[in-house]
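K.L.:
this is a predicted model, with the sequence first.
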Amino acid sequence: GLLTTAPILVSPESAAAIKEGAKTGLSTVVCGILFIFASFFSPLFRHIPAAGTSPVLIMIGVILFQNVNRVDWRNVADAAPAFVVLFYIPFTYSII
């Protein structure tokens, strides 16, 4: 929906905020206010063609793929989930 997000996307952002020192919950309130403000721009972003966002998505994919060399591919407990994620992300068009 317009005002919802997957819970799996919220927890990494909360963890990143806590790591940077946001422990009072004020960062969550600020993030919510900015999200409501940004929702008014969604009709504008709807007019951007898919070809206009492709270069940015490719750059993000390259950045995410840089961590593949940190996976211990000899350890099945680490390699199997990493392989499943790497295999399914391109076919589901989602990082969730």
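P.N.:
Nice, thanks for sending it over.

K.L.:
separation between Ser42 and Val71?
P.N.:
Going from Ser42 to Val71 by CB to CB, to the nearest Å gives 36 Å. C-beta here means a position set from N, CA and C on the backbone, and glycine is covered the same way.

K.L.:
who has more neighbours out of these two?
P.N.:
Shown here are Ser42 and Val71; by other CB atoms under 10 Å, Val71 has more neighbours (15 against 9).

K.L.:
residue ranges of the strands in this structure, please?
P.N.:
Using DSSP state E, the chain contains no strands.

K.L.:
list the buried residues of stretch 80-96.
P.N.:
Ala82 (16 or more other CB atoms under 10 Å).

K.L.:
how far out from the middle of the chain is that stretch?
P.N.:
Remark: stretch 80-96 is offset 13 Å from the chain centroid, using CA atoms, centre = their mean, to the nearest Å.

K.L.:
with just CA atoms, put that stretch into PDB.
P.N.:
Output of stretch 80-96 as PDB, limited to C-alpha atoms (Å, rounded to 0.1, in the frame of the first residue of the first chain):
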ATOM      1  CA  ALA A  80      23.500 -22.400   1.100                       C
ATOM      2  CA  PRO A  81      21.500 -19.400   2.300                       C
ATOM      3  CA  ALA A  82      23.700 -17.000   0.500                       C
ATOM      4  CA  PHE A  83      23.300 -18.900  -2.700                       C
ATOM      5  CA  VAL A  84      19.500 -19.100  -2.300                       C
ATOM      6  CA  VAL A  85      19.300 -15.400  -1.800                       C
ATOM      7  CA  LEU A  86      21.600 -14.600  -4.700                       C
ATOM      8  CA  PHE A  87      19.600 -16.900  -6.900                       C
ATOM      9  CA  TYR A  88      16.100 -15.700  -6.100                       C
ATOM     10  CA  ILE A  89      16.700 -11.900  -6.000                       C
ATOM     11  CA  PRO A  90      16.900 -11.500  -9.800                       C
ATOM     12  CA  PHE A  91      14.000 -13.800 -10.400                       C
ATOM     13  CA  THR A  92      11.600 -12.200  -7.900                       C
ATOM     14  CA  TYR A  93      12.600  -8.600  -8.500                       C
ATOM     15  CA  SER A  94      12.800  -8.000  -4.800                       C
ATOM     16  CA  ILE A  95      15.400  -7.800  -2.100                       C
ATOM     17  CA  ILE A  96      12.900  -8.700   0.600                       C
END
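
K.L.:
many thanks, I have nothing further to ask.
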